[in-house]
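Participant: Build me a model from this:
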Amino acid sequence: MNTEDIMILVHPSLSPEQHTRIEDAMNTYEGIVSVHFNSKYAHELTVTYASEMLDSQRILQHVRHWDKEAMAIGL
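Facilitator: Below you'll find the model as predicted:
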């Protein structure tokens, strides 16, 4: 399995509960290997995914369900 990482920046005002909901929801998608918010910079979400199953734009679309202005930054 080939994996890639993407960092997604979300609005800093999202609550810890919203972070947990995002992580839980993202973990249900086929092809997601790991998803977590940075403990030091709470607006940074890192997602590791199987590149043969998902692409970064699709992941960003999922995150935009919670923050329509989320931005992807490649790692």
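Participant: what about Ile8, how many neighbours?
Facilitator: By other Cβ atoms under 10 Å, 24 other residues sit near Ile8. All C-beta spots, glycine's among them, are computed from the backbone N, C-alpha and C.
Participant: Now the element after the longest helix anywhere in the chain, going C-ward?
Facilitator: The residue-count maximum for a helix in the chain (DSSP state H) belongs to helix 16-26. Going down the chain from helix 16-26, the next helix or strand is strand 32-37, by DSSP states H and E.
Participant: Give me the contacts around the longest helix of the chain.
Facilitator: With Cβ atoms under 8 Å, 6 or more residues apart in numbering as the test, helix 16-26 has contacts from 10, 14, 32, 35-37, 42, 45, 47, 59, 62-63, 65-66.
Participant: Now intersect those with the strands, please.
Facilitator: Ile32, Val35, His36, Phe37, Leu45, Val47 (DSSP state E).
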